[in-house]
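Trainee: Can you look at this prediction? I've put the sequence above it.
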Amino acid sequence: MIRAALVRLHRWAGVAIAGFLIVVGLTGSLLAFWNEINHWITPDLYPGPHAGIELDAAILARRAEALAPQARATQVYLGYIGTAWVTMEALEGAPPLAFDQIYLDTVTGVELGRLKFGVFPTRRAEVMPFVYKLHYALALDDPGGWILGVVALVWTIDCFVAFALTLPRARGRSRKSFFPRWKPAWLVKWSGSLYRVNFDFHRAGGLWLWAMLLIYAWSSVMMN
């Protein structure tokens, strides 16, 4: 009775969160190569290292404010050689901005471009910022963060449910001890039917990667 309930719980939890995990997994794979992809699709925004003395953050912030007098700089990010990201927000009483990032050359202070971070991309420069927001909040701001937080919590609980389902059933008439009876759960019977191979691969793969999957799931709860 309990095992049947756990099977249903595991099955429906997997169905419910699968789509979200696919989106997060694919976008996370792209974000792992954020720098390389950004430099490839928008080389004009990332000139790279070049001759000259780099300006400090305060000067770059004032430069951005001079380029957008209706806004003020709130953050200067210098994580890219040759390019500074300056985050902007509208001044009190000013109309909303059509952008929230200005890209500046760190040596000359020349504007390289501007965009609104996370909007649906209509230009190449907006592609990776949108992927970033899709990964962290499904491009839905706070509601998306809550959704992914709930998904991560379900995933965490399901990790323990799935682990419990791999444990051998009560001994009954079997004289084997616990570990010999649990051993088949860690293996794939390649000579079995397609269904059996798929089932074994699912169960054994989950067991071998269980600790890593639990870390991913629980850290996702914290991050959301």
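Mentor: Good, I have the coordinates. Being a predicted model, the structure only gives us computed values, none of them experimental. Numbers count the residues shown, from 1 in each chain.
Trainee: Can you give me the buried ones in the helix or strand that contains residue 79?
Mentor: Element membership for residue 79 (DSSP states H and E) is strand 71-80. For strand 71-80, the neighbour count (16 or more other Cβ atoms under 10 Å) marks 71-73, 76, 80 as buried. In short, each C-beta sits where N, CA and C put it, glycine included.
Trainee: Stretch 181-200 too?
Mentor: Neighbour-count burial for stretch 181-200, counted by 16+ other Cβ under 10 Å, picks out 185, 188, 200.
Trainee: any idea how far residue 143 is from the nearest residue to the first one once chain neighbours are set aside?
Mentor: Closest residue to residue 185 in three dimensions, ignoring its sequence neighbours and counting by Cβ to Cβ, 6 or more residues apart in numbering: residue 166, at 4.3 Å. With distances taken as Cβ to Cβ, to the nearest Å, residue 166 is found 35 Å from residue 143.
Trainee: For the biggest helix by length in the chain, which helices and strands make contact with it?
Mentor: Longest helix of the chain, by residue count under DSSP state H: helix 2-31. Packing contacts for helix 2-31, counted by 3 or more Cβ pairs under 8 Å, 6 or more residues apart in numbering; DSSP states H and E, involve helix 127-137, helix 141-166.
Trainee: Show me what the shortest one is packed up against.
Mentor: Spelled out, that is helix 127-137. helix 2-31, helix 34-41, helix 141-166.
Trainee: right, so those helices: which one is the most enclosed?
Mentor: Stretch with highest mean neighbour count among the helices and strands packed on helix 127-137: helix 141-166 (a mean of 17; mean count of other Cβ atoms under 10 Å).
Trainee: Next, the angle from that helix to helix 2-31.
Mentor: 130 degrees (axes from the mean of the first three to the mean of the last three Cα atoms, to 10 degrees).
Trainee: per the record, what domains does the protein have?
Mentor: 2-32+140-223, 40-124 (automatic domain parsing).
Trainee: ok now do residue 186, which residues does it touch?
Mentor: Counting by Cβ atoms under 8 Å, 6 or more residues apart in numbering, residue 186 touches 204, 207-208.
Trainee: gap between it and residue 122?
Mentor: Residue 186 sits 50 Å away from residue 122, going by Cβ to Cβ.
Trainee: Contact partners for the residue nearest to residue 185?
Mentor: By Cβ under 8 Å, 6+ apart, the neighbours of residue 166 are 182, 185, 203, 206-207.
Trainee: shaky segments in the chain?
Mentor: For the chain, applying pLDDT under 70 flags the ranges 171-174.
Trainee: 80 - rerun?
Mentor: The chain contains residues with pLDDT under 80 at 1, 170-176.
Trainee: so where does the closest residue to residue 168 other than its chain neighbours fall, helix or strand?
Mentor: Among residues not flanking residue 168 along the chain, residue 181 sits closest, at 3.9 Å (Cβ to Cβ, 6+ apart). If you go by DSSP H and E, residue 181 is part of helix 178-182.
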